[in-house]
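A.B. asks: curious how this folds, go ahead:
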Amino acid sequence: MSMTKLSKPKAIGYTRVSTRRQALQGFSLSSQRQGIRKYAEIHNLELQMFEDAGISGATMQRPALQNVLNYIRFDVGVKYLVVSRLDRLSRNAADMIQIAELCQDHSVQLVSLNEHLSGDPNSAKSQVAIYGAVAEFQRSIIRENVMLGSARRFKAGLPISMKFPIGYKLGPDGHVMTDLIPALLVIEMFDRYIDGVGYRKLADWLSGKLGRPISLVTISNMLKNKHYIGYAENSYGKSSEIYPAIVGDWMFDLAQKRRDQQTTIRPRKSRQDDLLYQKLKCPICQHRLGINVVTKKGRQYSYYYCSMGKNIADKTQRHTFRMRAPETREALLSSIRSVVSDPGFISILRSALDARLATLPAQAALRQPASSTQLYKQFEAGDINTSELKEGLSELERFKVRQVTTSNERFSKAVQKFQQMGLVMFIKRVIESVLFDKNKQIVTIEPTSD
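C.D. replies: Residues are numbered from 1 along each chain as shown. Prediction:
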């Protein structure tokens, strides 16, 4: 007879670094992982690791951290959250307290390898608040030091960023110098633009010369970049000692005059008021559609179009997509009206929300413990003792309560959000979720769950 034991307590390990300097100072992901794995091994825990690399602790919007929080919320098997230091979770005091409260609410013990946290949840929460305040203070000091360092570099005539515009490179003495061949191309680009060559032809020409794709946005930014006339300005002040001039002031001024003429040709006054402006998505590249209005023989026509398709640096990816605006608006609003006016709309909404919540990835993380029948069979066979049987039955009850409570709470919150949204916001959310296919037919209207 095979001997089956209850599974080990489950632990979630989380690691994070935001900069290369942190890695060099001993905060590397590998050193954090090593410490967490050693802890799990000593305490006989089933470990699952998550990591965020190169992401600041100032924000909670980190992919791996969000996965960790979902496991805490929806997987009753999780008993521990282990980190090397609390500031790996967050450098914001309020966020750190929020994570500690989430762990407390779901009976998950928060463990820091470098800070001793009390076994009492309330005492541990107070400790987390103190450590969070310290981490937030350290982050403000780091930010202030970075700003002071940048200000000193700027005043000394040194570049703040190591990302240079085309035509420049870093010199051996740490100062910016011209990169001869690209610099000559910059001069020729300005000259061509002044002679009437458009952005797209300039982008194709420069892409061919440099051997890499150059977008229309890059061309636009280059034409208005004052670094090319040796001038730099930012929050630290103004300087003419950082970037050597590549083009003359007269050439730069002529380019700006042409840019000003081009930007005033097409009126944009009424576009922002259009119901669907920048809300529909191109079915080819998912870029949001703009709107264009033209007048022919005294009659006005409007259409939604993908402004990105023709401007993609890679020629093989270029495309066009447009839809007549009046017909598109009518088709969309007609679809929304038909759905909302249906007598069964509320029941349909409830069913849709229920189905949506049931299929969320986080919900799938729930793991069914052994059933009571299985536990008693293991007890009778001698595979588990009395205390293990009691713990297994208790865990099963907690799972059932958590499963029902979680489902009800999440559904109630979803309905509450819908009720608070109001008609205008609901219509806006629906519009932003509409997907068209290449034949300009509505494929789906599925508002996001957030």
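
A.B. asks: so the nearest residue to Pro63 once chain neighbours are set aside, which state does it fall into?
C.D. replies: Distance criterion Cβ to Cβ, 6 or more residues apart in numbering; nearest residue to Pro63, sequence neighbours excluded, is Asp52 at 6.7 Å. Heads up, the C-betas are built off the backbone N, CA and C, glycines and all. With DSSP: H, G, I helix; E, B strand; the rest coil as the basis, Asp52 sits in strand.

A.B. asks: from Ile97, how far off is Asp52?
C.D. replies: Noted for Asp52: a distance of 20 Å to Ile97, by Cβ to Cβ, to the nearest Å.

A.B. asks: got the confidence number for Val247?
C.D. replies: Val247 is assigned 92 on the pLDDT scale.

A.B. asks: before we move on, what about Ile187?
C.D. replies: pLDDT, Ile187: 94.

A.B. asks: identify the residues contacting the residue lying closest to it once chain neighbours are set aside.
C.D. replies: Distances taken as Cβ to Cβ, 6+ apart place Val247 nearest to Ile187, at 5.8 Å, with adjacent residues excluded. Val247 is in contact with Val186, Ile187, Phe190, Tyr228, Ile229, counting by Cβ atoms under 8 Å, 6 or more residues apart in numbering.

A.B. asks: secondary structure element for the first one?
C.D. replies: Just to be clear, that refers to Val186. helix 180-194 (DSSP states H and E).

A.B. asks: in this protein, what helix or strand scores lowest on average pLDDT?
C.D. replies: helix 361-364 (a mean of 43; mean pLDDT, DSSP states H and E).

A.B. asks: for this structure, just list every one of the helices.
C.D. replies: 20-22, 29-42, 63-74, 93-105, 121-155, 180-194, 199-210, 216-223, 249-263, 325-340, 345-358, 361-364, 372-380, 386-432 (DSSP state H).

A.B. asks: from the contacts of Val247, which would you call buried?
C.D. replies: The neighbour-count criterion (16 or more other Cβ atoms under 10 Å) marks Val186, Phe190, Tyr228, Ile229 among these as buried.

A.B. asks: which non-adjacent residue is nearest the first one?
C.D. replies: Just to be clear, that refers to Val186. Gly167 (4.2 Å).

A.B. asks: so the one you found is in contact with Pro182, correct?
C.D. replies: Yes - if you go by Cβ atoms under 8 Å, Gly167 and Pro182 touch, sitting 4.7 Å apart.

A.B. asks: between these two, which has more neighbouring residues?
C.D. replies: Gly167 (24 against 18; other Cβ atoms under 10 Å).

A.B. asks: just list the residues touching that one, thanks.
C.D. replies: Thr178, Asp179, Pro182, Ala183, Leu185, Val186, Tyr228, Ile246.

A.B. asks: so what's the residue count around the last one?
C.D. replies: Spelled out, it's Ile246. By other Cβ under 10 Å, neighbour count at Ile246 equals 25.

A.B. asks: can you check the second one too?
C.D. replies: When neighbours are counted by other Cβ under 10 Å, Asp179 registers 18.

A.B. asks: relative to Gly167, how far out is it?
C.D. replies: For Asp179, the distance to Gly167 - Cβ to Cβ - is 6 Å.

A.B. asks: how about the fifth one?
C.D. replies: Using Cβ to Cβ, we find Leu185 at a distance of 7 Å from Gly167.

A.B. asks: over to the last one?
C.D. replies: Between Ile246 and Gly167 the distance, using Cβ to Cβ, works out to 5 Å.

A.B. asks: joint contacts of these two?
C.D. replies: Joint contacts of Ile246 and Gly167 (Cβ under 8 Å, 6+ apart) are Thr178, Ala183, Val186, Tyr228.

A.B. asks: middle-most residue in this protein, spatially?
C.D. replies: Centroid check for the chain by Cα atoms, centre = their mean gives Gln61 as the closest residue, at 6.6 Å.

A.B. asks: ramachandran coordinates for that residue?
C.D. replies: phi -80, psi 70 (degrees, to the nearest 10).

A.B. asks: ok, it to Gly237 distance?
C.D. replies: From Gln61 to Gly237 the distance is 33 Å (Cβ to Cβ).

A.B. asks: what does Thr15 give?
C.D. replies: Counting by Cβ to Cβ, the gap from Thr15 to Gly237 is 39 Å.

A.B. asks: again, but for Gly54
C.D. replies: Counting by Cβ to Cβ - Gly54 and Gly237 are separated by 30 Å.

A.B. asks: same check on Val197?
C.D. replies: Counting by Cβ to Cβ, the gap from Val197 to Gly237 is 35 Å.

A.B. asks: more neighbours, those two?
C.D. replies: Comparing Val197 with Gly237 by other Cβ under 10 Å, the one with more neighbours is Val197, at 13 against 10.

A.B. asks: OK, contacts around the nearest residue to the more buried one once chain neighbours are set aside?
C.D. replies: Computed as Cβ to Cβ, 6+ apart, the closest residue to Val197 that is not its neighbour in sequence is Trp205, at 7.9 Å. The neighbourhood of Trp205, defined by Cβ under 8 Å, 6+ apart, consists of Met189, Arg192, Val197.

A.B. asks: try Glu51
C.D. replies: Per Cβ under 8 Å, 6+ apart, neighbours of Glu51: Tyr14, Thr15, Arg16, Leu29, Gln32, Arg33, Ala64.

A.B. asks: of those residues - the most surrounded one?
C.D. replies: Going by other Cβ under 10 Å, Arg16 tops the contacts of Glu51 with 27 neighbours.

A.B. asks: ok, what's across the strand from it?
C.D. replies: Asp52 (DSSP bridges).

A.B. asks: pretty sure Phe379 is touching Ser387, no?
C.D. replies: No - contact criterion Cβ under 8 Å: Phe379 and Ser387 do not qualify, at 10.7 Å.

A.B. asks: and these two? Which one has more around it.
C.D. replies: Phe379 (17 against 8).

A.B. asks: what's the separation between the more buried one and Gly392?
C.D. replies: For Phe379, the distance to Gly392 - Cβ to Cβ - is 9 Å.

A.B. asks: cool, Tyr301 as well?
C.D. replies: 71 Å.

A.B. asks: Ala183 now?
C.D. replies: Taking Cβ to Cβ, one finds Ala183 at 73 Å from Gly392.

A.B. asks: any idea what Ser239 is bridged to?
C.D. replies: Going by DSSP bridges, Ser239 forms beta bridges with Ala232.

A.B. asks: perfect, I'm done here.
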